[in-house]
Structures are given as C-alpha cells and as structure tokens.
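J.: here is my input, please return the structure:
(chains A, B, C, D and E)
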Amino acid sequence: MKHKRLCEEGFGEKGNYTIILPIDQGVEHGPVDAFYSTDHPEMLDIDYQVEFIAELLHEGLVGATALPKRTANLLCKKYPHLAKDVILKLNHGNNLNQTLEPSQAIYASSQDAADMGGVGFTIYPGSSNQDDMINYFGKIQEHKPDNVKSILWSYPRGGDFYKTTIKTIMHAAYMAAQLEPDVIKVKMPTNNGDVTNIVKAACGIPVVFSGGQYVDTYNMIDYAKRIKEAGGYGMIVGRNVFQRERHQAKHLLKEIHRVFRES
Amino acid sequence: MKHKRLCEEGFGEKGNYTIILPIDQGVEHGPVDAFYSTDHPEMLDIDYQVEFIAELLHEGLVGATALPKRTANLLCKKYPHLAKDVILKLNHGNNLNQTLEPSQAIYASSQDAADMGGVGFTIYPGSSNQDDMINYFGKIQEHKPDNVKSILWSYPRGGDFYKTTIKTIMHAAYMAAQLEPDVIKVKMPTNNGDVTNIVKAACGIPVVFSGGQYVDTYNMIDYAKRIKEAGGYGMIVGRNVFQRERHQAKHLLKEIHRVFRES
Amino acid sequence: MKHKRLCEEGFGEKGNYTIILPIDQGVEHGPVDAFYSTDHPEMLDIDYQVEFIAELLHEGLVGATALPKRTANLLCKKYPHLAKDVILKLNHGNNLNQTLEPSQAIYASSQDAADMGGVGFTIYPGSSNQDDMINYFGKIQEHKPDNVKSILWSYPRGGDFYKTTIKTIMHAAYMAAQLEPDVIKVKMPTNNGDVTNIVKAACGIPVVFSGGQYVDTYNMIDYAKRIKEAGGYGMIVGRNVFQRERHQAKHLLKEIHRVFRES
Amino acid sequence: MKHKRLCEEGFGEKGNYTIILPIDQGVEHGPVDAFYSTDHPEMLDIDYQVEFIAELLHEGLVGATALPKRTANLLCKKYPHLAKDVILKLNHGNNLNQTLEPSQAIYASSQDAADMGGVGFTIYPGSSNQDDMINYFGKIQEHKPDNVKSILWSYPRGGDFYKTTIKTIMHAAYMAAQLEPDVIKVKMPTNNGDVTNIVKAACGIPVVFSGGQYVDTYNMIDYAKRIKEAGGYGMIVGRNVFQRERHQAKHLLKEIHRVFRES
Amino acid sequence: MKHKRLCEEGFGEKGNYTIILPIDQGVEHGPVDAFYSTDHPEMLDIDYQVEFIAELLHEGLVGATALPKRTANLLCKKYPHLAKDVILKLNHGNNLNQTLEPSQAIYASSQDAADMGGVGFTIYPGSSNQDDMINYFGKIQEHKPDNVKSILWSYPRGGDFYKTTIKTIMHAAYMAAQLEPDVIKVKMPTNNGDVTNIVKAACGIPVVFSGGQYVDTYNMIDYAKRIKEAGGYGMIVGRNVFQRERHQAKHLLKEIHRVFRES
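T.: The predicted structure follows:
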C-alpha cells in the first residue's frame, strides 16, 4: 500500500493508507494532561508544537494533522505549503466538569477551513446530544467548500451500553457512514479481535482507527497489522506520539508505515 | 391489482399496489443485528447489499426501496436507472442508549433526494418529541422538490398507552394523513382483526403496512390478504426478507405479489 | 340577527352571528373516539365526511367549517366554491400520551390556506407551552395572506387552577383578544350563569362558544339563548353534531339558528 | 418641573416629568381582578375603557398610556391624534398557573407600534428566563422604528432574594440602564427610604416608579414627593386609578401633578 | 516594556503591555456592592464614573476600559477621542439569583461597538451553558467589524472541579486561545506559583490577568511581577481601583506600571 497525504491525489482510495496526527487533546483534557505531563512537555509551547507537527509532515511520517483553530492557523501561516494537509477540527468537548452531558462546542466554521485540506467533526452516538450533533454535521456537509474534505469522529457516549465492543463500534461506524463523510474515525475495540467488520460497517468509506491510550510499541504494531488486514485506511496517532520521546515517536511511526507498506 | 413501482405512473392510485424494501434497520439496530446476525450476513458488505437491492428491483419483486443516504447514493451511482425507485430516508433513530427519549436525527435533506423518487420521514406520535418531528415534516413538504414523493412512517412511541392496537394505529394513521404525505406507513396491529378502519383512518392516502418482526410465510401471506382486503396499498418488508435465505426471500415476495395480484 | 358565512360580507359584525362546524377532533381524540364510536360512524370514511360537511354548508346550517389540512384540501378540491368557508386548523394536540405537557404541533402553514377563508390556531393559557404558542400566533398574524381571517381557540390548560369558571374563561378570552384575531373561540363555563362578561372580556372581537361534550337538545338551546343574550357571535358545534343521527343533528342546528334569528 | 407627554419635545429630559397610565393588568391578572372587581367595573367594557384613557390624556392628567395590542389599536383608531402618547406593551405574563417559571409571552412586535409613541417591554432579572428576555430586548432596540421610544420594565423575579429592597431595585435599574432604553420603570421599594440611589443606578436614563398596590392618597402623595426629591422622572399609576372612583382618581392624579410641578 | 493603549499600534505585541480598567461589576454584583459600598461611592453617579474613567485614560494610567453599553456610550459621547480605548462588554451575568445555572445574557451587539476599540465577551468553561457561550463567540468573531478587537474572558464555572488552580486556568486559557480572540483574560490562580504555563497555554495570544478581589498594594505588586516574569501581557484591575481612594488607586496603578516598565 502507498502512503497518501490529505493533499495528495489518491487520498482515501483503496490500496492507499494514511497516518493522521491529531492535536485536539489540549481542548479536551487541558494542556497539562495533553502536553505538559507527557514525554513532550515542550509541546506546551505553541511554537515548538507547530515546528514538531511540521517536521512530522515534512518527513512524511504523517499524512495529515487534525488541529484546533488557533494551532491550525499558526501552522498555515508559518508553513502555507502544509495547509492542504491540515484538518481543522470544528468542535471540541472538555473534561472540566464531568457531571455534564457529553457534548462538544463549536470552535470554528467550515469557512475557516477554506484554505485547508479538511474539516473534522465529532458525533457522540448514544448521547443525549446525538441528534443535534448529527443534524449539525449535515449542515457542515451542505455548506463546506467543495474542495475541503470532511472527517467524522464517531464515538459512542452516554448511557450504560458497553461502548467499545466491536458491535458498538460497528454501529457507530455505520451511523457515520450514512452521513457520508470523506473519512470516518473510530476507536479500536478494547477486546481483541478482527476489525474487518468495522471496516465493512463503514459502507466503503475509508476508516481510520485511533491508537487511543499509550500502549507499547509491540501493541501499536499489532494494531497496525490488524487494521491493515481488515482493510482499514490507516491510523490516527496522538497520545502515542506525545507520550514518547521524539526519536521513539518517530521510530514508532516508521514501524507503523512499514506494516502498511508491506503488501 | 397491478404492481406499481415508485417511478411508474399510477403509483399510489386505487387498483394498484406496491411492495417496498426498507434497508434502514442498520442505523436503528446497528449492522450486526440488522445484517450480520440474519440469514443474509453478506448484507454487511455494502456492495453485496446494493447488488441485492438492485436484483429485487430488476426482477420486479419490490417496487421501491427505502434507504439511508450512503446506501441510496451508492445504489444511484451504480444503477442510475433505479434512482427513481429510491426513497431516501431522511431521519433515523438508534437503539444504542435506550434510556433516551424516543427521537430521530436528521441524516439527509430533501435536496439530497432531488434525483431520487421520494423521501421518507418518521414521526413518533405520543413521544415527547412528536411536535418537533411533526413540525419538521411540514418543512420538508414545503421545501422538497415537487417531483419527489413523500412517505411518512407514523409509529406511536412513548408513554404507556397500548401502542399496537388497531385504535392506536388508526390514530397514528389519521395524524399522518392530516400532514398529507403521498404514502403513509404504519405497523400491522399485534392483535388480529380487520385493518379496514386503519386504511379508512388514512383519509384516502395510500397506506403500506410493515411486516414487522420475522413471522413464517403462512403468516406473511395472511398479512398480505388482510391488507389487500382492507384496501391497503401494499407492504414494506425488510426483516422478513433479510431473515430468510435469498431464494426463500424471493419466494415470499412472489407469494405476496400473488395475493395482491389476484383480484 | 342574520346568519353570516365566513365568506360573506358582514361576517364578524354586530347584529350577525354564525355557527361553525369543527372536524378537528380526529387528530386530538383519534378517529375511533371522534367518529367511529359516535352516531356517525360513516364519518370515518373521508368521502362521506366531506359530503356531510358540504351538505351542511350547502343547506346553510353552518357558516364555516374548521378542518385539518387533508380534510380541508379534499373539501376544497371537490367543492371549490366552498373554499372560502373553510378555516384551516394549523395546530393540533393529541391525547395519545397524557403524561406529556399540553401542547399542539404545527400541521399546516397559513400559506396552505391562501385560497381558503381562514386559519385556526389554538393557545393554551396557563400551560408550560403558552409562551411558544402565543409567540407563534404572532408570526401567523404577521405572515398570513391579508384576505385570510384568523380564528383563535383560547383554552386554559395545565396547573391546578379551576379552568372552566367564568373568571378563567374571561382571562383566556382577554389574552386572546389582545392578540387581535378576527374571531375568538372559548368554552362555555361549566357552572351556569351569564356569559356577558366573557363577551366583554373579548374587547369587541366576536366570540364563538363551543358546545363541548354531548348535551341534550334542551341544554344546547339553553346555551344558544345564553350566548345570544350575552352578545356572543355564535357557536362552534362538533361533537353535538356527530353524536346525533343526521336528521337529529340538522334539527338541532335549525333550533340553534332559530334562537339566534329571533331578535 | 413641567409635565411632558410622550409625544412632546422634552419628554425624558431633566426638569420635566410625566405620569403614565398602564392598562396591562388585564393580561396579567385577568379582567375580573384587573377591572371588574375594582371601583371601575365599567372598565370591563373596552369602549368605556378607551374613552376613559382618552379622557385622562385629553385632560392632561397623564402623559402616556401603556396598553396591550388590542386596546392600543382601538384607542389609536378612535383617537388617531393620541397615538403618539401610546406605549404598546409588547410582552405580558399571566397569573393563571403560578407553578410556572416567571415569564412573559410576546403579544406584539415593535412594527405594530410604528405609528405609536413607544414600545414597552418587561425583563425579570433573577428569573430563569432573564437571559432570553434581555436578549429579546436587544433585538427590539435593534429593529424598532427610530421614532418609537422604548420603555423597559425591570422587575426582579424568581429565586429567594429579597426582591423589593432598595439594593435589589438598584440592581434591576442598573441592568436595565445598561440596555439603554429611553425610560426605565421600576417598583417603589417596600421599605421606606430615599430612592435617590435608585435614580442614580439608572445611569442618567429617566426612571418612573410604579405606584403598585392600592395605597391611600396620603401615601401616594408621599411616594410622589420621595420620587421627585430623588430626581425620578415620574410615576406610572394603574391600580391606584382603577381602584378609585373617577373623580377621586382624577383628584389623586392632580395631587401628584401638584407635587411634581412645585419646584 | 512599553505601555500600549488599545487604540495604539503595537497593542498586543510582544515587548509591550497594558492595564485595563473594567467597570462591568455593576451588572454582576449590583451597583451597591460594586460602587456604593466601596471607597468610591461617588462612582454610583454615572457622570462621576465617566469622568473618573476618562481621567485614568487621559493620565495614561490605564490603556483601555471594559464597559457595559450605557457607560460605554456615555463615555464615547462625551470623549469621542477615547472611543478607540473602549472595550464594549457584550454579555454579563448577575448574582441576583444564585440558584440559577451560571450564564450571561447579551446586552449589546458587536455592531454597537463599530466606533469603539473592541468587544469583550465571557465564556464559562465547565458550565452547563459553555457550549452556547462558545458558539456565540464564534458568531461574534465572524460578524464583528474588522477593526474592532475581541477580548475573551475565560472563567471556569460550574461543577465541583477546583477552579482556580494553575491547571484549570491553563485549561480555560487554552480553550479561549483556540477561539482566537485578540486578547485573553484569565484569573490569577489562588495558590501561589509561576504563571508562565498559563501564558504558554494561551498559544501566543496576549493574556491579561485580573487582579480579582481587594488585596494590599504589596500583593498587587507581587502579582504584577509574576505576570511580567511569566510573559503576561498585563493586568485588568477593577475592584482594586474602586476599593481604594483616588490617590491611592492612582498610586497603585503607577506602581504596577513601574513593574512592567522596568525591563
């Protein structure tokens, strides 16, 4: 398989794959837990962060980066040639008050992404806000500039259903698919097992899986193999990059590429 | 009576009938329960699913198909000549979190159906969201392209009233009728009995009845007879197709046609 | 006094009166309780119903009819010359789930009534939805075609205040009057007594009183006398028509006319 | 000080004052408590009411009148030359169901007041609806015709704070002032005391005080003196007019004028 | 470092700083607690207040002032040359009813600030209204005149998280930063400590810290030093000005300037 960047022709097509670097944890978990308490405390410095993202893009270690508005704009200003690899994340939740119903506020509009490569949006199937979130994504699809791709995060939340079984993730993937984004992002199931049916549940729309919490390199490689074998389109790796030192993070990304490239 | 497809002149008129194939269970029940755990696990593969729907349309076994957005678009792309038999289902609920109030989110707009034959929409009379759902259907009627038909699912939900008596279904049918869709879809009552008054409650708007849960062929034929005798316009058969093997499903559909055709 | 139809000059003016036939009970109570269980079970058949309404209009027994959208459109299609006697009822409640807060959903817009004589709308003073209902009527008044009259149903609901005293009905009538519809519809108080002050509470806007539940002819005549003496503009009689056989219903209407005509 | 009518140049300016007659109690308390049970039961007759208001305006006993839509329109139709002294009250609450959260529904738009002198609007600082009410007044200010003045009623409601202390009324006056209406209306504090600081809290916007419940003439005169000494712009007197016989009501108004005129 | 006024070139840039005077406490706490009970009771008089603000601006002791609508308009009318130093605060909460969910109502639009220097807006991260507040700020950013700066107050509220730790303030600052206002305003953490990471959490957007409750001059100087050392852009000082006599307030401001000016 060939690695494709968001800006490249062939992105999203069968036979290709991608790795996406998301930096949206700062809004959700706060900059201390997201950056300062990791092996990359320098990431708290936005200039360092932007350099780091650009470096991974320049070295081809990631094919796209999902960023909140300020970070996205700083990157695009400093490296205009990278703008088409940026996915502007439009909505974000935060964990400040965990008694609130799961939801995400709107931080940016699809117009803000007019010069970027894509927009990202999250829905929480199963939450009390799911209808509003789904309805809003419909508006984004309708109004976003044609050349801007849409990437839909679909994470079950709320209620007491067991959220990370293959069955539940398939449901979330299928709901996302029927909204017809360009790419769907789901979580890896916590129980082991074949993720082929998750890919099938996406109805032909490319699926990227999130690496989720820190796991050791051996496990990440295993994730990558299972995703590739299942026909997944790639991975979105955030915390597993920031919670490693720079050379180890790069090593991990290279190993993941090796898995996907071997055909 | 003559079988009419959604795209044909005479659809909806007295003396004709139709059979509609809905594939909207995937969003509501998830693809595992809707497809994978049935006698048609291959339906999990969207390409297989689209072929299967097209085959039933090509063979004239169904006259229309109600699909969520992604499935509808894939079918229309591959078989443009079938687009006018497609009912784009605009809203969907899901059973992920059963503690939520019954509701449906908007997955598509009537503009998305501009090249298709119809739009489908669900209201839940008796639910706490009934007013919003009813109001929204008014907007659809006002804004949908003129040549796109509207099919209204009217399912009582919420509260503790006994939902599937003939009396309650008549109430749901009458509410739907006063919104003036092109076709009304209701459930068969669980108790036996004449459904003539349900058809009358629809005020002259054609009514199709859903087959509902899996029942054996004998019972489905009985449903068909009761619907025909009552002046119903036809049936909408989903789970009773997927929960049968292909040749048995086709056999069932043919038997249903036989009932309606005999005049 | 002279009987005036909605389409006639002089409708609403002092010295005239009218009798309105409402067929909006089907949405609220369901077609079984509204039609099938009455002395007019044939009313379940929409064609019979439309004929019956037309007959009462043709014979001058009623001066206007308040109908939900489907029924209104069928009548206007079959008897275009009666369209200007039709009041299109825009919103309706239903009694399917009696644990819900009292409310009414929107079934039609004032544009749908462009070729008819009027629009009808209900507010529930005292209910938790009263503000939304009142605000919505303001929008109707602002946007409805100029030649379409507005008739406002004002029924106290919700809370534990005693709803059908003269005092409460006066409050509801006064609230309605300050919204300036063309006609106000209120209930007869359950306790006996002079209804002059209810008419005064309407600030000069013509008031029609509903006959309410089935009562015997003697009582209906008594209602009519009390309304006429109080300066009321007429009556709106639905259930007391359907719960009588046809000739008895016509007899009742003639008796009511006799009361109002005698000056 | 000189009495100024709403239509006169100098209305609202220092050195002048006014007395406003409000007839908005009918919506809030119902016409029985507001009119029929008072010493002016004739006020239940809208024609009498309009004559009475006109008489007080013609005799210069009041400088403006705050009316709900129907009453305002009747007055303006009969006495077009008085239209510029009319304040159209746009929103009203009612006391039918006292278990509801304090709120007011919209009965009229500022466009309805295009030919009148002003619009009146109420906010309830401290209520759960305060944000919506405040936001709505912002829209009114933005969209009302330029030559129409705005008078803002600011009444603390909801919660358990002690609502009629000078401190609370100052807070309500200050909030109102920051919305920049042309005139602010507040209640007299129930405890005695200097109301100078309430006037100061209004940031230079003229303040009129409501007379509130029936009090004897001695007390009304005392109110007037305290308001005048404090730099208040005048009084709004409703119930204290209706709960007196006509000549006594006029006498009271004349006494109030005497207080303000003496400089 | 050089002191820059809001109207000056260089405002917001590195190497510069500012001191902002906010007079928005009147809406939140009421004029008694905000003005009358302080060492500046004269501030209750809006004319005195406007003079005082103007004096501090004229003497260069503050570089901008954040005002509610009425106060802002009075200042701009009397001193048009100061308008470009005015930040119009668009939303305000109030403490009248402390049982309500934390929220702020809209008192002004960004169009009202067309001739002023900036608009101020508050979000409450962690509150049940946070999504609406964040969404609304997006609209302001989209629609405000280009030459009007935006200053975003980001104050965690609601829930039981410990709100004034450095970690929580960093989270609030980061959320604000991703909305890309021109300036962010946060609170000083209650525990001592280096605030460098709060500045970093703002992703390069200038941060001003509020002085908060009355503290003695020694502590204010200490705050100023910590802010300057951390790279903060300045301070917003309200209560610490009003709760001092005029010459002491000026002395305090001069001391703060001295700290920032020494480089």
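J.: which residue is the nearest non-sequential neighbour of residue A:224?
T.: residue A:259 (4.1 Å; Cβ to Cβ, 6 or more residues apart in numbering or on different chains). Any C-beta I mention is one placed from the backbone N, CA and C, and that applies to glycine too.
J.: quick check, that neighbour in a strand?
T.: No - according to DSSP: H, G, I helix; E, B strand; the rest coil, residue A:259 belongs to no strand; its state is helix.
J.: tell me the contacts of it?
T.: Neighbour list for residue A:259: A:221, A:224, A:225, A:228 [criterion: Cβ atoms under 8 Å, 6 or more residues apart in numbering or on different chains].
J.: also residue A:72?
T.: Counting by Cβ under 8 Å, 6+ apart, residue A:72 touches A:86, A:88, A:89, A:108, A:113, A:116.
J.: again, but for residue A:100
T.: With contact set as Cβ under 8 Å, 6+ apart, residue A:100 has these partners: E:126, E:128, E:130, E:158, E:159.
J.: can you lay out these as CSV showing secondary structure, pLDDT and distance to residue A:26?
T.: Listed next are those as CSV, based on DSSP: H, G, I helix; E, B strand; the rest coil; pLDDT from 0 to 100; distance: Cβ to Cβ, whole Å:
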residue, secondary structure, pLDDT, distance to residue A:26
E:126, coil, 95, 16
E:128, coil, 95, 22
E:130, helix, 97, 16
E:158, coil, 81, 20
E:159, coil, 71, 19
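J.: biggest separation within the residues you listed, which pair?
T.: E:130 and E:159 (10.2 Å; Cβ to Cβ).
J.: the more surrounded of these two?
T.: residue E:130 (25 against 17; other Cβ atoms under 10 Å in any protein chain shown).
J.: what's the first-to-last distance across stretch A:158-176?
T.: 17 Å (Cα to Cα, to the nearest Å).
J.: re the thing from before, quick check, nearest of the contacts of residue A:100 to chain B?
T.: Chain B lies nearest to residue E:128 out of the contacts of residue A:100, by Cβ to the nearest Cβ, at 18.1 Å.
J.: what parts of the stretch 51-200 of chain A come near chain E?
T.: For the stretch 51-200 of chain A, the contact set with chain E under Cβ under 8 Å from any Cβ of the partner chain comprises A:68-71, A:73-74, A:92, A:94, A:96-100, A:103-109, A:111.
J.: filter the residues you listed to the buried ones?
T.: Neighbour-count burial (16 or more other Cβ atoms under 10 Å in any protein chain shown) is assigned, among these, to A:68-71, A:73-74, A:92, A:94, A:96-97, A:100, A:103-109.
J.: tell me which helix or strand in chain A has the weakest average pLDDT.
T.: Each helix and strand of chain A was given a mean pLDDT (mean pLDDT, DSSP states H and E); the minimum falls on helix A:239-242 at a mean of 87.
J.: picking up where we left off before, can I have the buried ones of the contacts of residue A:259 as a PyMOL selection?
T.: With 16+ other Cβ under 10 Å as the criterion, this PyMOL line picks the buried residues out of the contacts of residue A:259:
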select buried, chain A and resi 221+224+228
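J.: take the contacts of residue A:259 and write them to a markdown table, including distance to residue E:50, pLDDT and secondary structure.
T.: Listed next are those as a markdown table, based on distance: Cβ to Cβ, whole Å; pLDDT from 0 to 100; DSSP: H, G, I helix; E, B strand; the rest coil:
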| residue | distance to residue E:50 | pLDDT | secondary structure |
| --- | --- | --- | --- |
| A:221 | 68 | 94 | helix |
| A:224 | 66 | 95 | helix |
| A:225 | 71 | 95 | helix |
| A:228 | 69 | 96 | helix |
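J.: which of the contacts of residue A:259 lies closest to chain E?
T.: For these, the nearest to chain E is residue A:224 (30.0 Å; Cβ to the nearest Cβ).
J.: from residue A:260, how far out is the closest one?
T.: 7 Å (Cβ to Cβ, to the nearest Å).
J.: then residue A:188?
T.: Distance from residue A:188 to residue A:260, by Cβ to Cβ: 15 Å.
J.: the residue of the stretch 151-263 of chain A at minimum distance from chain D: how many residues sit nearby?
T.: Of all residues in the stretch 151-263 of chain A, residue A:158 sits closest to chain D, at 25.0 Å by Cβ to the nearest Cβ. Residue A:158 has 20 neighbours, counted by other Cβ under 10 Å.
J.: wait, it sits on residue A:133?
T.: No - the pair residue A:158 / residue A:133 is not scored as a contact, 11.3 Å apart, by Cβ atoms under 8 Å.
J.: overlap of the contact sets of the two?
T.: Common contact partners of residue A:158 and residue A:133 (Cβ under 8 Å, 6+ apart): A:124, A:127.
J.: quick one: pLDDT of the residue nearest to residue A:224?
T.: Looking at residue A:259, its pLDDT is 97.
J.: now do the phi/psi pair for the residue in the stretch 51-200 of chain A that chain D sits nearest to.
T.: Relative to chain D, the nearest point of the stretch 51-200 of chain A is residue A:105 (17.2 Å; Cβ to the nearest Cβ). Reported as degrees, to the nearest 10, the phi and psi values for residue A:105 are phi -90, psi 160.
J.: no further questions, thank you.
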